[in-house]
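# Okay, structure incoming, though there's no sequence with it:
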């Protein structure tokens, strides 16, 4: 059976595609080194449109209005410029309400793009540009530690990671945070209190790495401007041992949080990336594996949610679980030596 | 032997669900079609595979292992038709429910008329309505255009105008949608279905023909103000959905070509089989499916049918969003174990993170079944507005009488005992009168609906086989009695075996044993003003067939009122569960 995979790796090659949502232009070169906050591509796009109904404004037919319209597609018009003027002794005019670009003319109307905005696409991870996708974006490659999470609030940033957690099940509280943490990325573990997020926002911090978070905090977590990456789930789950060890080992290093929303179809998911110097480039992580003995696995659901173990054996046929459901299952040896039976659909391979 | 058996023997039916892809083989055994075996694999629409074809091949490979019959060649290509050495299949039927709900904009004239029809049409398949435009929309047209662009629609459904009726307002809406399409990048333009005033067909073609991603026409959903006919439009929409999916999900195109261009949404297949069955029965037929992507309700009444698809009530990725519609207490009231509210909330969010995972503990199972009851209850409540208006209920706040209830979906069919499946269904649906409750444990319904197009003998003969589990014949009296008052006297006279008599009191659940497939005469004598479907206080008798749980008399009341006190409520739920076998 195919296994879902979560990457928690001490050293790997990370390759990520960064794409503009609309057509634009890339502003970096092939093989250029970039930091996470560097702009790699830009696009100009209009946030709004304005429809100028010349026919209606002048009280004439659409055909007559078309004859009077003075602009064409592609023209850039400034506010108050005349787009059409009626004939007569006291000619009435139709003016442009806002600066913009004409995108369509016809049927006695003019459609304009207005409120043009410059969209900047940031690299998101530090590394080297290994591919340029014309007009759309780039592919960036870096080497370092990679820890994938399960939930992100949509932001990204880079900073020095400072651990506040004394263990994988420490609850992060507001009084642990002071001004010395300003501009850093905090490694907490469990977050249950909205004041913790508010205090982090007031400092402000550059990011928060959590094991789990109360689901009631989701609306607030989506409002704050710094990235939050949740690694294990919702509720009060402690941090998985592999991620905790890896993060503690890399304390005070520069880390990048890419707290993307988890999108199962594109494969985008929240990640913690810790760039590391290497002499030999490690291999890219495997993305497709079938369940097999000796794999390191993480249990996804209670009663062992978040716990790591080694897949010992795939059980033949269907196994009856304590819930009474029957499913394909595996024997898993936990880190404390306990042997448990877990349905395969409640397992993911970690590696 | 009927000609269709000779012409087209074996059929491979494939359903690509959100979590699981199933491959099922139907073939002729002793002159009748039978469900032979199934194979399943995780659906591979999501990353890293991003190709539903991989999951389909893996499901077929599992099927091959079970049957020992090769269906794929060494290159993974389907062998069709059957070869002289017996390898391969003769035809393929396929359904799909995988993929994110289609972001849909509905356009109509009046909220109460065409927009309501557009909404109901959208609900016949896997859509999420992200924007609406109607005649009373006071926003300037440019604001409407920006709003639709921001909604990033996959699909636009345009209704409005009775045939030979209003056209100016519809044309204005067409203009807005046309400009919207024009402003979007070509590869992101939505498909458009026009189901409005038929006189505007050519106008629509000239306005949107070159701008829409795809353009389809169907007969008007509101040919006149007081007539609504969704059926032709829902068929066109069902055919359009796979075309949209082909652009979104790799492998859908190949599956469609295997099925001869007849790939359809799973919910449409389910609706079709429910309609088919409703032509064979005098009372209503209800089909329900609680899935990861959506909960589907299909109801058929002597050939008329409705299908309603509720992605917001699916038990997968979006399950946490359920709390926008109900409070946690609505779910917790169905729990038979004492579980803290925080745990229930965490369960919902954890389930949303891992939609394919299953409950491993008794606590998680209790939450999962409570959740299934609530999503099914919500879906039925919403779906009743789509039922044909002339289908009267025995009481205005209750469902119409359904002669047969067919239920599918993992939380129901995978329950550890048949008793748990039945109690879940009775609690959520709360049927009235006399119903046969059937479990679609092999998830055949939607595929049979699609297979019917290939070969209309298949659904008939498979339904008559043992591919479905007849849970019970359920008698649900409607009574306004006090707890413990006698409501119905039942007498079960099996064709072979001893007669059973029971006086059922209000608030109780009783089982009259009748082995599966054994026939019996059931005589029911309700108390005064108690209605079992024959009219208040009127007795009746009928032939019934035994299910795995025999004949069940559910006298717990309609609607079912649960005790306020949590401890008493849990004790009662445990008692009911014990009655149906635990």
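Arrived safely. Please read these numbers as outputs of a predicted model, since none were measured by experiment. Numbering: from 1, shown residues only, chains lettered A, B, ... in the order given.

# make it CA atoms for all contacts and neighbour counts henceforth
Will do.

# number of nearby residues for residue 231?
No chain specified, so I'll use chain A. Residues contacting residue A:231 under the criterion other C-alpha atoms under 10 Å in any protein chain shown number 28.

# wrong one, I was asking about chain B
By other C-alpha under 10 Å, 18 other residues sit near residue B:231.

# just checking, next helix/strand downstream of the top helix by length along chain B?
For chain B, the helix reaching the highest residue count under DSSP state H is reported as helix B:362-383. Next along the chain after helix B:362-383, taking DSSP states H and E as the criterion, comes strand B:402-408.

# list the contacts for residue 81?
Let's take chain A. Residue A:81 makes contacts with A:95, A:96, as judged by C-alpha atoms under 8 Å, 6 or more residues apart in numbering or on different chains.

# Chain B, not that one
Residue B:81 makes contact with B:88, B:89, B:90, B:91, according to C-alpha under 8 Å, 6+ apart.

# Next up, phi/psi of it, please.
Here the main-chain torsion angles of residue B:81 (degrees, to the nearest 10) amount to phi -80, psi -170.

# now do residue B:311
Dihedral angles (degrees, to the nearest 10) for residue B:311: phi -60, psi -30.

# Show me the domain layout of the chain.
Using chain A here. Chain A breaks down into these domains under automatic domain parsing: A:2-12+A:144-275, A:44-117, A:291-350.

# meant chain B actually
What automatic domain parsing lists as the domains of chain B is B:3-96, B:102-248, B:268-481+B:556-579.

# Reformat the ones you listed into CSV and put mean pLDDT next to each item.
Listed next are those as CSV, based on pLDDT from 0 to 100:
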stretch, mean pLDDT
domain B:3-96, 90
domain B:102-248, 94
domain B:268-481+B:556-579, 93
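
# so which of these comes closest to residue A:119?
With C-alpha to C-alpha as the measure, domain B:102-248 is the member of the domains of chain B nearest residue A:119 (15.6 Å).

# for the nearest residue to residue B:422 once chain neighbours are set aside, what are its contacts?
Counting by C-alpha to C-alpha, 6 or more residues apart in numbering or on different chains, residue B:422 lies nearest to residue B:471, which is 6.9 Å off, once chain neighbours are set aside. Shown in contact with residue B:471 (C-alpha under 8 Å, 6+ apart): B:418, B:422, B:436, B:437, B:438, B:439, B:547, B:548, B:549, B:550.

# which stretch of helix or strand covers the residue nearest in space to the middle of chain B?
Geometric centre of chain B, nearest residue: residue B:296, 2.8 Å, by C-alpha atoms, centre = their mean. Per DSSP H and E, residue B:296 falls inside strand B:295-301.

# what about the closest residue in space to residue B:272 that isn't next to it in sequence, how many neighbours?
In space, and not counting its chain neighbours, residue B:272 is closest to residue B:449: 5.1 Å by C-alpha to C-alpha, 6+ apart. Residues contacting residue B:449 under the criterion other C-alpha under 10 Å number 27.

# ok, back up a step: quick one: the residue nearest to the residue nearest to the centre of chain B when sequence neighbours are not counted from chain A, how far?
Residue nearest to residue B:296 in three dimensions, not counting chain neighbours: residue B:309, with 4.6 Å by C-alpha to C-alpha, 6+ apart. Residue B:309 sits 21 Å away from chain A, going by C-alpha to the nearest C-alpha, to the nearest Å.

# so who does residue B:309 touch?
By C-alpha under 8 Å, 6+ apart, residue B:309 lies in contact with B:123, B:124, B:125, B:126, B:127, B:267, B:294, B:295, B:296, B:297.

# Who wins on neighbours among those residues?
residue B:296 (32 neighbours).

# who are the neighbours in contact with it?
Counting by C-alpha under 8 Å, 6+ apart, the residues that residue B:296 touches are B:267, B:287, B:288, B:289, B:290, B:307, B:308, B:309, B:310, B:379.

# Could you do residue A:205 as well?
By C-alpha under 8 Å, 6+ apart, the contact set of residue A:205 is A:181, A:182, A:183, A:184, A:185, A:186, A:226.

# near chain B too, which of the residues you listed?
By C-alpha under 8 Å from any C-alpha of the partner chain, no member of the contacts of residue A:205 lies near chain B.

# now, which of these sits nearest chain B?
The closest of these to chain B turns out to be residue A:226 (C-alpha to the nearest C-alpha; 22.0 Å).

# thought the closest one was touching residue A:203?
No: at 10.9 Å, residue A:226 does not count as touching residue A:203 under the criterion of C-alpha atoms under 8 Å.

# In terms of packing, which of the two has more residues around it?
Higher neighbour count among residue A:226 and residue A:203: residue A:226, with 23 against 16, using other C-alpha under 10 Å.

# Would you confirm that the more buried one belongs to a helix?
No: read with DSSP: H, G, I helix; E, B strand; the rest coil, residue A:226 is coil and lies in no helix.

# That one: what's it in contact with?
With C-alpha under 8 Å, 6+ apart, residue A:226 has these contacts: A:155, A:156, A:157, A:201, A:205, A:206, A:207, A:208.

# The second one pairs with what?
Under the criterion DSSP bridges, residue A:156 forms beta bridges with residue A:258.

# gap between it and residue A:225?
Separation of residue A:156 from residue A:225 (C-alpha to C-alpha, to the nearest Å): 9 Å.
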